[in-house]
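# what would the 3D arrangement of this be:
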Amino acid sequence: MIIQLEDKIKPNDRNNVIEVIEALGYKVTEVKTQRCNYLIGIGKREFDIRKLGNQAGILDIHRVSDDYKLVSKKWKVKNTVIDLGDEVYIGNGELAVMTGPCSIEGEEQIKKTIDHLVENGIKIMRGGVYKPRSSPYSFRGLGIDGLKLWYEYARSKGIKIVTEVMQVSQIEPMLPYTDIFQVGARNTQNFNLLDELGKVDKAVMIKRGISGTIDELLHSAEYVFSAGNEKLILCERGIRTYEKASRNTLDLNAVPILKEKTHLPIVVDPSHGIGIRNHVAPMALAGIMAGADGIIYETHEKPEEAYSDGQQTLDFKESAALNKKMKEAYQLVSNW
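Residues are numbered from 1 along each chain as shown. Next up, the predicted model:
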């Protein structure tokens with residue numbers, strides 16, 4: 001059960017509501033976000049909802065049977081729209097495109113990539129400054145100095161930044177220079193990190209775990225929401241299966257299922273999903289046809305010289321062609 005409280009509820013009214021809920025045999029958790037104050041009631045006892053509805057200070061009451069309450073679609077009629085400022089949105093009925101290199105490598109690369117984005121009308125750049133690598137000897141990113149350099153040029157061109165955060169200690173220094181904190185597949189169940197990201201007023205994109213289920217992804221989002229942050233995006237990036245022909249198995253089944261289960265916007269990552277450069281474009285288009293609100297993919301001026309993930313990265317010419325096709329595909333879906 002979710003109880004939405006009035007913004008200016010009196011302390012006595014709030015306490016009275018909690019007492020009534022607890023008297024019904026429900027455990028109460030208070031959640032305060034950027035947008036609203038909620039009480040989450042956990043229990044199984046049936047009761048007449050009018051016992052709560054007539055309490056002062058209550059805006060609305062929703063029965064939600066899912067274990068994940070706040071991210072469930074069962075209580076929120078309108079889908080969540082993420083507003084990044086400067087008229088850049090995710091989930092507002094237009095396709096959100098995020099692209100850039102796997103790793104931020106230096107100033108020249110940053111400028112050339114942003115110029116490519118501007119030429120193609122793309123407003124969000126992806127890139128890693130902290131890189132979780134399978135080998136400790138691989139390039140692991142430029143860190144906060146690389147992020148500051150990236151931010152300075154991106155802001156001058158009106159480009160928003162999505163980048164991965166790997167641990168709690170990185171959140172505070174990254175906060176002024178990041179528009180979307182990305183939680184990578186390896187950290188999807190790092191609950192300490194999710195709790196802390198719930199305390200910031202910045203968007204958070206959670207990627208599905210390497211072998212994670214859809215419900216586990218939704219529970220990860222619930223951690224962030226319940227800690228106070230409603231600005232959430234979910235990303236299907238492929239899961240590890242027994243198939244060896246591709247890097248991962250891009251589970252496009254997840255897109256319509258998630259759209260049915262949650263009000264949060266859904267993004268598809270075909271680069272990590274298939275891991276093969278020649279097949280990234282068709283999987284991006286398939287993600288759009290499945291109902292994705294956005295696509296995040298990797299591009300680099302010279303993928304063969306990229307510090308990481310070159311095998312799944314499009315060059316600028318391929319990226320421009322894909323961007324044009326994605327707009328056409330999204331228009332087809334919209335017309336349906």
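
# only C-alpha atoms for contact and neighbour calcs from this point on.
Noted.

# so residue 270 touches residue 283, yeah?
Yes. The pair residue 270 / residue 283 is scored as a contact, 5.6 Å apart, by CA atoms under 8 Å.

# more crowded one of these two?
Set side by side, residue 270 and residue 283 show more neighbours around residue 270, with 32 against 19, by other CA atoms under 10 Å.

# so what's that one scoring on pLDDT?
We note a pLDDT of 98 for residue 270 in this prediction.

# can you tell me the element residue 45 falls in?
Per DSSP states H and E: residue 45 is located in neither a helix nor a strand.

# that one - how many residues pack around it?
8.

# can you tell me the closest non-neighbouring residue to it?
residue 25 (6.8 Å; CA to CA, 6 or more residues apart in numbering).

# just list the residues touching the residue lying closest to residue 277 once chain neighbours are set aside, thanks.
Using CA to CA, 6+ apart and skipping the chain neighbours, the partner closest in space to residue 277 is residue 312 (4.1 Å). Under the criterion of CA atoms under 8 Å, 6 or more residues apart in numbering, the neighbours of residue 312 are 271-272, 274-278, 280, 298.

# hey, where'd the helices end up in this structure?
In the chain, the helices defined using DSSP state H lie at 11-23, 50-53, 107-119, 143-156, 168-174, 191-197, 214-226, 254-261, 270-274, 277-290, 316-335.

# tabulate those (JSON lines), appending distance to residue 131.
Below are those laid out as JSON lines (distance: least, CA to CA, whole Å):
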{"stretch": "helix 11-23", "distance to residue 131": "44"}
{"stretch": "helix 50-53", "distance to residue 131": "49"}
{"stretch": "helix 107-119", "distance to residue 131": "16"}
{"stretch": "helix 143-156", "distance to residue 131": "9"}
{"stretch": "helix 168-174", "distance to residue 131": "12"}
{"stretch": "helix 191-197", "distance to residue 131": "16"}
{"stretch": "helix 214-226", "distance to residue 131": "21"}
{"stretch": "helix 254-261", "distance to residue 131": "26"}
{"stretch": "helix 270-274", "distance to residue 131": "14"}
{"stretch": "helix 277-290", "distance to residue 131": "20"}
{"stretch": "helix 316-335", "distance to residue 131": "22"}
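
# which one of the ones you listed lies closest to residue 39?
helix 11-23 (8.1 Å; CA to CA).

# contacts for the closest one, please.
Counting by CA under 8 Å, 6+ apart, 27-28, 41, 51-52, 55-57 sit against helix 11-23.

# run the chain-centre distance for that helix.
34 Å (CA atoms, centre = their mean, to the nearest Å).

# what does stretch 116-135 give?
The answer for stretch 116-135 is 15 Å, by CA atoms, centre = their mean.

# just stretch 72-80 next, same as before
That offset, for stretch 72-80, works out to 16 Å (CA atoms, centre = their mean).

# could I get the average pLDDT for it?
94.

# buried stuff in that stretch?
Neighbour-count burial for stretch 72-80 flags 72-75, 80 (criterion: 16 or more other CA atoms under 10 Å).

# now do stretch 268-281
Going by 16+ other CA under 10 Å, stretch 268-281 has these buried residues: 268-277, 280-281.

# pLDDT below threshold where in the stretch 51-200 of the chain?
133-134, 137-139 (pLDDT under 70).

# strands along that one, start to end?
58-62, 82-83, 89-90, 96-100, 124-126, 160-164, 180-183 (DSSP state E, counting those that start in this stretch).

# list the neighbours of the second one that are in contact with it.
Among residues not part of strand 82-83, those counted as contacts by CA under 8 Å, 6+ apart are 89-92, 203, 231-233, 265.
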